[in-house]
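Asks: sequence first, predicted model second:
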Amino acid sequence: IYGSKDAALNVINAQRADALATIGEQRGEAAQTFQPYMQVGQQGVGAISEQLPYFQQTFGPEQFRANLDPGYEFMKQQGLGAIRQGMNVGGGGSNIDRAATKFAEDYANTGYQNAYNRFTGQQQNIYNRLAGIAGIGQTATGQSAQTGLGYGQLGAQTGLGYGSLGAQTGLGYGQLGAQT
């Protein structure tokens, strides 16, 4: 009887070991599935870190010149020229000078606002794209953790199930030995 019990427990232990090994292999394969996405996310985070000096720039004269409309100066000269031509036709006067000054100030203000919007818009676009890439990695990491948790729970349940089967087998053989 006891030789049969040992043989039965050995079979149960072997099956448990095989089941847990299979679960471990599946967990490893699942983790590898998420690796490319996690690596892409790490690259996105790295690129954000590299771009921090750019993202932290304030808008100043250098950024203003770099973000002006290519035709800004041409359009300003055309507007001022039109006002001056009107002054020549109408005979001039202080109102024409004021109109030229107002046009130049308004045009410069609009140009400044447009350049500022381009600069901050570009910063936001670059950051949002990189943050989206980083988010791919963050999502993959979370999903990988959930998958690992699921496989861990499956392994625990499998171990408990086989442990219970072994205990019941031992108990059954013990009762059988007591009856004989």
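Replies: Here it is on my side, so go on. Numbers count the residues shown, from 1 in each chain.

Asks: Leu149 and Gly155, how far apart?
Replies: Noted for Leu149: a distance of 11 Å to Gly155, by C-beta to C-beta, to the nearest Å. Just so you know, the C-beta spots here come from the backbone N, C-alpha and C atoms, and that holds for glycine as well.

Asks: ok, the two, which is more surrounded?
Replies: Set side by side, Leu149 and Gly155 show more neighbours around Gly155, with 17 against 10, by other C-beta atoms under 10 Å.

Asks: which residue is the nearest non-sequential neighbour of that one?
Replies: Ile23 (4.8 Å; C-beta to C-beta, 6 or more residues apart in numbering).

Asks: which ones are touching the residue sitting nearest the centre point of the chain?
Replies: Among the residues of the chain, the one closest to the centroid is Gly135, at 1.6 Å (C-alpha atoms, centre = their mean). With contact taken as C-beta atoms under 8 Å, 6 or more residues apart in numbering, Gly135 is in contact with Gly41, Gly44.

Asks: so it, which state does it fall into?
Replies: Following DSSP: H, G, I helix; E, B strand; the rest coil, Gly135 is assigned to helix.

Asks: cool, Asp69 as well?
Replies: coil.

Asks: wait, His123 touches Phe55, no?
Replies: Careful, residue 123 is Gln; it's not His. Yes. Between Gln123 and Phe55 there is a contact under C-beta atoms under 8 Å: 5.7 Å.
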